[in-house]
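Q: Sequence first, then the predicted structure, then my questions.
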Amino acid sequence: MNDRQNKNFQTRISILMHRQDDPNKCTAAKLIKFKMASEVRKIPYNAVVLDPFSNIVLTQEDKQDMTGICAIDCSWKLASDMIKIPKKSNINNRKLPALLAGNPTNYAKLGMLSTSEAISGALYILGYKKQALDIMNKFKWGHTFIDLNYNILEDYSNATEQSQTKQIEKEYFPNLFTDTS
C-alpha cells in the first residue's frame, strides 16, 4: 500500500479567503484557526480547485497529479462573480458531484455546501476519509453532513471515472437529470 492509499495519509488544504461572510460563522476561518488548512493569496500550482461552476466533476482520477486541494471561500450570493478561473491555466478546477448540505443555514439543500463541507466531501471522494472526518468533527453539525451523504460519498469514492460519477449522481438524484430523448 503506498502513502496515497493509506487512510491516515493527508493532503494539503489551502483556502483563498474573500471574507464576505460573518467571521463567527465562517467554516473556512475555523479550519485555518485549527491549522487544518492554510490561507493563501493565490491558488497553489497543481492544486485541485473546488469550483461549483466547473464542467468537470471531481473523481479519483484527479488525485494522481494534484498537490492538494484549494477552496475559495466566499458568499454563495457572490460566488459566480468571485470564482473566475482562466480557461487556459494550470489550474485543475473541479466541481463536487451532488451532495446535500448538513450545515444549519442550508440544511439538506443540494449543493449548497459550506467551505468545510466542500473540502470534506472532496477529501472523502479522493480517499482521504480520515482527514475528511477530522474536519467535520470540528463542527457541532459536522456529523449531519456525513450522515446525510455517507452512502453516496462511499459510492463516489469508489468511482474512478467521470462517467461512473455521473451514473451515481443519476441514481441518487434522478430529478437533476431530464431525459431529452
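A: That came through, no problem. Note that the structure is a prediction, hence the values are computed from the model and not measured.
Q: what's in contact with stretch 63-72?
A: 4, 11-16, 18, 28, 37, 40, 43-51, 82-83, 92, 115, 118-119, 122-123, 126-127 (C-beta atoms under 8 Å, 6 or more residues apart in numbering). Any C-beta I mention is one placed from the backbone N, CA and C, and that applies to glycine too.
Q: Let's see that with 7 Å instead.
A: If you take C-beta atoms under 7 Å, 6 or more residues apart in numbering as the criterion, stretch 63-72 is touched by 4, 11-16, 28, 40, 43-50, 82-83, 92, 115, 118-119, 122-123, 126-127.
Q: And stretch 104-112, by the same measure?
A: 52, 76, 98-101, 141, 148, 173.
Q: and if we set it to 6 Å?
A: 98, 100-101, 141 (C-beta atoms under 6 Å, 6 or more residues apart in numbering).
Q: Can I get the buried part of those residues as one PyMOL selection?
A: Here is the PyMOL command that selects the buried residues among the contacts of stretch 104-112 (16 or more other C-beta atoms under 10 Å):
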select buried, resi 98+100+101+141
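Q: hang on, the earlier thing: please flag which of the contacts of stretch 63-72 sit within helices.
A: With DSSP state H as the criterion, helices contain 28, 82, 115, 118-119, 122-123, 126 from among these.
Q: out of the residues you listed, which is most surrounded?
A: Most neighbours among the ones in helices among the contacts of stretch 63-72, by other C-beta atoms under 10 Å: residue 119, with 30 neighbours.
Q: For this protein, just list every one of the strands.
A: Shown for the chain, the strands assigned by DSSP state E span residues 13-17, 38-40, 47-50, 68-73, 92-94.
Q: State the distance from the most centrally placed residue in the chain to residue 175.
A: Most central in the chain under C-alpha atoms, centre = their mean is residue 118, positioned 3.0 Å from the mean C-alpha point. Separation of residue 118 from residue 175 (C-beta to C-beta, to the nearest Å): 22 Å.
Q: Likewise for residue 45?
A: Distance from residue 45 to residue 175, by C-beta to C-beta: 38 Å.
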